[in-house]
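Asker: this is a predicted model, with the sequence first.
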Amino acid sequence: MAEARQFLLSLLDAAIASATPQNCMPAWTPSQPDGRVLVVGAGKAAASMAAELERLWATPLSGRVIVPYGYAVACRSIDVIEAAHPVPDANGIAESRKILDAASSLGAGDTLVCLISGGGSSLLCVPEDGVTLADKQSITSSLLRSGATIHEMNIVRKKLSAIKGGKLAAAAAPASVISLIISDVSGNDASMVASGPGIADTSSASEALEILQRFNIVIPDSVHSVITQGSSVQIDEGDVRILATSDDALLAAAAIASEQGIAPYSLGDLSGDARQLAQQHAMLAKAIAAGEGPLPPPCVLLSGGETTVNVLGKGRGGRNGEYALALALALDGHPSIHAISCDTDGIDGLCENAGCYVSPQTLRRAEAAGIDVLAMQRDNNSYAIFDATDGLVLTGATFTNVNDFRAIFISEQPAGT
């Protein structure tokens, strides 16, 4: 078979391809409704979803979608706007207000189409009265560094927003709502993808306050009042369709592995601390290599979901880098085990790499380069290690997002690097 790295990258390519709008939208998109149709959206896949919708629905469409900088895709008639991610900026707020105003102009017989994907929470951002942009930026940054899960972050975000948690759909009433979603959340809870602009918020103010308190995030009195005095909207959620998920990505990767004679073993969507998960996976991989696991080599362990990182240092790197570095340390150069850990959106944290590749030589190469690996780990500086060891995986923007993809290949004998 091909060398280990190319094999693992072929699995990543298949996982990403399964979630692109060109591949997942045709089977699930409904027929174009009658009457006025307004297309809005936010997230890393929003522009590519809009372009595909224009192809599927031949009649000219109007609307506006917001994507992170670098994720724009040309559309015929739907406006594509770029804004900041993962911390919101003024451009995102201004453009989100335009979306909210446009939705408010709809009436009976009209349809609001929401194109929603991961990353939309920071992009579709209209603060409630009493919440400033600075408040949103500070709270978001603190949550990102705290180790909070995406569910916990989005519970808080909904309480601070005038557009999330079903409030966009409420603004469009009595128009019909169609939500087309590419899910990046474990469990595929539609209310959590981009904080559910078209889905009612079922969380409570006390939940949001408990999360902030648990992660020691101090908020102004004005923000505390907004959370405690806010109320959830009652809406008709309409037609909600989840087009692609992490499960689809894992199935696509498993099919490629099987075609190459490598047995896939799916661990499903996983969460929790990145370093702890890596240690657990290393133990399983080493057991398999020793003939003591649930299946014999050659095989590949597949998993998705989203880990968390409690950021204490000042280095560069995202959660996939954290996982990959912890995995390399736990494997300690095992000659038969190779792995990748990447974000399917093509960006790990705030870095330009999708993730990282771990080989039996990773630690040896780092040491040869004079790198103190443990010191780098303490500083959350996984990027520097994989940059120095030729371990960065670079895909560029993929224009989709079904969260993380991890693959650990255990060969029968030492495989090519």
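Answerer: Cool, the structure landed.

Asker: which residues in the stretch 1-150 of the chain form strands?
Answerer: Along the stretch 1-150 of the chain, the segments classed as strands by DSSP state E, counting those that start in this stretch run 37-42, 62-68, 79-83, 111-117.

Asker: now these in JSON lines, with mean neighbour count?
Answerer: Glycine gets a C-beta too; all of them are placed from N, C-alpha and C. Listed next are these as JSON lines, based on neighbours: other Cβ atoms under 10 Å:
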{"stretch": "strand 37-42", "mean neighbour count": "28"}
{"stretch": "strand 62-68", "mean neighbour count": "25"}
{"stretch": "strand 79-83", "mean neighbour count": "19"}
{"stretch": "strand 111-117", "mean neighbour count": "29"}
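
Asker: in the stretch 151-300 of the chain, which spans are helices?
Answerer: 167-172, 205-214, 221-229, 246-259, 274-289 (DSSP state H, counting those that start in this stretch).

Asker: buried residues, stretch 349-362. List them.
Answerer: Of all the residues in stretch 349-362, those buried under the rule 16 or more other Cβ atoms under 10 Å are 349, 351, 353, 354, 355, 356, 357, 358, 359, 360, 361, 362.

Asker: then stretch 234-247?
Answerer: Neighbour-count burial for stretch 234-247 [16+ other Cβ under 10 Å]: 235, 238, 240, 242, 243, 244, 245, 246, 247.

Asker: quick one: the first one and residue 168 touch, right?
Answerer: No - the criterion here is Cβ atoms under 8 Å, and residue 235 misses it with residue 168 at 9.3 Å.

Asker: redo the buried residues of stretch 349-362 as JSON lines? Include pLDDT and distance to residue 254.
Answerer: Output for these, formatted as JSON lines (pLDDT from 0 to 100; distance: Cβ to Cβ, whole Å):
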{"residue": "349", "pLDDT": "86", "distance to residue 254": "27"}
{"residue": "351", "pLDDT": "90", "distance to residue 254": "28"}
{"residue": "353", "pLDDT": "97", "distance to residue 254": "24"}
{"residue": "354", "pLDDT": "97", "distance to residue 254": "20"}
{"residue": "355", "pLDDT": "98", "distance to residue 254": "19"}
{"residue": "356", "pLDDT": "98", "distance to residue 254": "22"}
{"residue": "357", "pLDDT": "98", "distance to residue 254": "20"}
{"residue": "358", "pLDDT": "98", "distance to residue 254": "20"}
{"residue": "359", "pLDDT": "97", "distance to residue 254": "22"}
{"residue": "360", "pLDDT": "97", "distance to residue 254": "24"}
{"residue": "361", "pLDDT": "96", "distance to residue 254": "27"}
{"residue": "362", "pLDDT": "97", "distance to residue 254": "25"}
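
Asker: in helices only, show me these.
Answerer: Cross-referencing the buried residues of stretch 349-362 against helices under DSSP state H gives residue 362.

Asker: max pairwise distance over the buried residues of stretch 349-362: which two?
Answerer: 349 and 360 (25.5 Å; Cβ to Cβ).

Asker: so the chain: which segments form each domain?
Answerer: Domains of the chain are assigned by automatic domain parsing as 4-15+246-410, 21-244.

Asker: show me what contacts the closest residue to residue 68 other than its chain neighbours?
Answerer: In this structure, residue 68 finds its nearest non-sequential neighbour in residue 85, 3.8 Å apart by Cβ to Cβ, 6 or more residues apart in numbering. By Cβ atoms under 8 Å, 6 or more residues apart in numbering, the residues touching residue 85 are 44, 68, 69, 119, 122, 123.

Asker: show the model's pLDDT score for residue 85.
Answerer: With respect to pLDDT, residue 85 has a value of 93.

Asker: and the gap between it and residue 125?
Answerer: Counting by Cβ to Cβ, to the nearest Å, the gap from residue 85 to residue 125 is 10 Å.

Asker: dump the strands of the stretch 1-150 of the chain to CSV, plus distance to residue 176.
Answerer: Shown next, in CSV, are the strands of the stretch 1-150 of the chain (distance: least, Cβ to Cβ, whole Å):
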stretch, distance to residue 176
strand 37-42, 10
strand 62-68, 15
strand 79-83, 22
strand 111-117, 5
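
Asker: and these: which comes nearest residue 222?
Answerer: Of all the strands of the stretch 1-150 of the chain, strand 79-83 comes closest under Cβ to Cβ, at 23.9 Å.

Asker: element containing the residue nearest to residue 8 when sequence neighbours are not counted?
Answerer: Nearest residue to residue 8, sequence neighbours excluded (Cβ to Cβ, 6+ apart): residue 340, at 4.5 Å. Applying DSSP states H and E as the criterion places residue 340 in strand 337-343.

Asker: any idea of the angle that strand forms with helix 274-289?
Answerer: 150 degrees (axes from the mean of the first three to the mean of the last three Cα atoms, to 10 degrees).

Asker: what's the average pLDDT for strand 337-343?
Answerer: If you average the pLDDT over strand 337-343, you get 98.

Asker: do stretch 215-235 as well
Answerer: For stretch 215-235, mean pLDDT is 92.

Asker: in it, what counts as buried?
Answerer: 215, 217, 219, 223, 224, 226, 227, 230, 232, 235.

Asker: for the residues you listed, which one is nearest residue 281?
Answerer: Distances from residue 281 to those, taken by Cβ to Cβ, are shortest for residue 215, at 25.8 Å.

Asker: ok, now which ones touch residue 38?
Answerer: 62, 63, 102, 103, 106, 110, 111, 112, 113, 172, 175 are the contacts of residue 38 under Cβ under 8 Å, 6+ apart.

Asker: bridged to it, which residues?
Answerer: Note on residue 38: beta-bridge partners by DSSP bridges are residue 62, residue 112.
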